[in-house]
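A.B. asks: Below are the sequence and a predicted model; questions follow.
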Amino acid sequence: MNKLTIIGNGYSAHFIAKEALKKGIKVSIISRNIIKPKKNIHYFSFSDEVTISKKIQKEHLISTVPPNKDGTDPVVKKYKEAISLNNKKIIYISATSVYGAGIVNETTKPNPQNIRGKIRLQAETEWINTNSETSIFRVSGIYGPSRHSMIRYINDSNEVIVKDGHFSNRIHVEDLSAISIQYITEHYNHRYLNISDEDKIGNYDAIKYVTEQLNLVPPKIVHYNSQKVSDTLRSFYEVDRVVRSGIIGNQFKYKFKNPDYKKSLLKLTKNLIKR
């Protein structure tokens, strides 16, 4: 039986673990805080150095842990030697913020335009320098159950920020999970992969579609103003980027479960309203 260790116990880790279990993989999760443990998953404390070092050396590894604010990776910092000795599949979940503006793919040279992107790129470098066989997944904005734009829309405000020429790059968490486990279990070996559905529909148009289908209050356009948004939103909107992959669907044969963002958002919204 394949064994997978996932470092981090957040949103993505939960779905990746769920997908792994469906494929008959034995799953362990390493976390600083073990909360809401799930059935059939083995949990270990990040501070248990003896146990964790052994697991990191011998099992397939996916790290979902973001870098520290200074750009250092907390996993590499603590378990560098163990990671360097691993000869199984290693995936580091990074972000597309390492790229600059324009149309980008895996051959595009990173050119981060903000501090978040620079920190991510530094963490990627740490992983590659520690184990050269590490695969870097540059992931677009993750959405899915309990994490999507219609939650705020319904519960708080129907205002939608619009910036001309800006497209959101996204990936449904189910697709991220399925791609991760397929990559672990099959014979793939790529240094960088862009994980994005490549659906170029804007957030406003997707929300408008959902509201029309469900007879909800139509969205109100709020034109983007960099001086009136949070630092997080500013870093999201300030770079106009279209993420593509030359690998997914080509060398890596994968059919997206959620290729159409507006239809996926409609389904998620229907489930939200039913609660």
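C.D. replies: Perfect, thanks for sending it.

A.B. asks: The longest helix seen in the chain packs against which elements?
C.D. replies: Secondary structure of the chain per DSSP state H: the longest helix is helix 115-130. Counting contacts by 3 or more Cβ pairs under 8 Å, 6 or more residues apart in numbering; DSSP states H and E, helix 115-130 packs against helix 74-84, strand 90-95, strand 135-139, helix 231-237. (Each C-beta comes from the backbone N, C-alpha and C, glycine too.)

A.B. asks: now do 7 Å
C.D. replies: Helix 115-130 makes packing contacts with helix 74-84, strand 90-95 when contacts are defined by 3 or more Cβ pairs under 7 Å, 6 or more residues apart in numbering; DSSP states H and E.

A.B. asks: what sits against residue 211?
C.D. replies: Residue 211 makes contact with 217, 218, 219 under the criterion Cβ atoms under 7 Å, 6 or more residues apart in numbering.

A.B. asks: I meant to write residue 112 there.
C.D. replies: So residue 112 contacts 97, 98, 118, 121 (Cβ under 7 Å, 6+ apart).

A.B. asks: One more: residue 151?
C.D. replies: residue 272.

A.B. asks: Give me the three-state assignment for it.
C.D. replies: Here residue 151 is helix, with the state taken from DSSP: H, G, I helix; E, B strand; the rest coil.

A.B. asks: In the stretch 1-150 of the chain, where is pLDDT below threshold?
C.D. replies: For the stretch 1-150 of the chain, the stretches with pLDDT under 70 are 1.

A.B. asks: Kindly recompute the last result at 90.
C.D. replies: Residues of the stretch 1-150 of the chain that meet the criterion pLDDT under 90 lie in 1-2, 33-39, 69-71.

A.B. asks: Helices of the protein, start to end?
C.D. replies: Under DSSP H, the chain gives helices at 11-22, 49-58, 74-84, 115-130, 149-155, 173-185, 203-214, 231-237, 261-274.

A.B. asks: how much does the last one deviate in direction from helix 203-214?
C.D. replies: When you say that, I think you mean helix 261-274. Calculated by axes from the mean of the first three to the mean of the last three Cα atoms, to 10 degrees, helix 261-274 forms an angle of 50 degrees with helix 203-214.

A.B. asks: Quick check: which helices or strands does helix 261-274 pack against?
C.D. replies: Contacts defined by 3+ Cβ pairs under 7 Å, 6+ apart place helix 261-274 against helix 149-155, helix 203-214.

A.B. asks: Need those helices in JSON lines (columns: distance to residue 58).
C.D. replies: Converted to JSON lines, these look like this (distance: least, Cβ to Cβ, whole Å):
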{"stretch": "helix 149-155", "distance to residue 58": "40"}
{"stretch": "helix 203-214", "distance to residue 58": "43"}
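
A.B. asks: Which one of those helices lies nearest to residue 163?
C.D. replies: Nearest to residue 163, of all these, is helix 203-214, at 9.7 Å by Cβ to Cβ.

A.B. asks: buried stuff in the closest one?
C.D. replies: With burial defined by 16 or more other Cβ atoms under 10 Å, the residues of helix 203-214 counted as buried are 203, 204, 205, 206, 207, 208, 209, 210, 211.

A.B. asks: Just the mean pLDDT for it, thanks.
C.D. replies: Throughout helix 203-214, pLDDT has a mean value of 96.

A.B. asks: CA atoms of that helix as PDB?
C.D. replies: Output in PDB follows, covering the C-alpha atoms of helix 203-214 (Å, rounded to 0.1, in the frame of the first residue of the first chain):
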ATOM      1  CA  ASN A 203     -15.700  36.900 -11.200                       C
ATOM      2  CA  TYR A 204     -18.400  39.400 -11.900                       C
ATOM      3  CA  ASP A 205     -19.700  37.400 -15.000                       C
ATOM      4  CA  ALA A 206     -19.700  34.200 -13.000                       C
ATOM      5  CA  ILE A 207     -21.600  35.700 -10.100                       C
ATOM      6  CA  LYS A 208     -24.100  37.400 -12.500                       C
ATOM      7  CA  TYR A 209     -24.700  34.000 -14.100                       C
ATOM      8  CA  VAL A 210     -25.400  32.400 -10.700                       C
ATOM      9  CA  THR A 211     -27.800  35.200  -9.600                       C
ATOM     10  CA  GLU A 212     -29.700  35.000 -12.800                       C
ATOM     11  CA  GLN A 213     -30.100  31.200 -12.500                       C
ATOM     12  CA  LEU A 214     -31.300  31.400  -8.900                       C
END
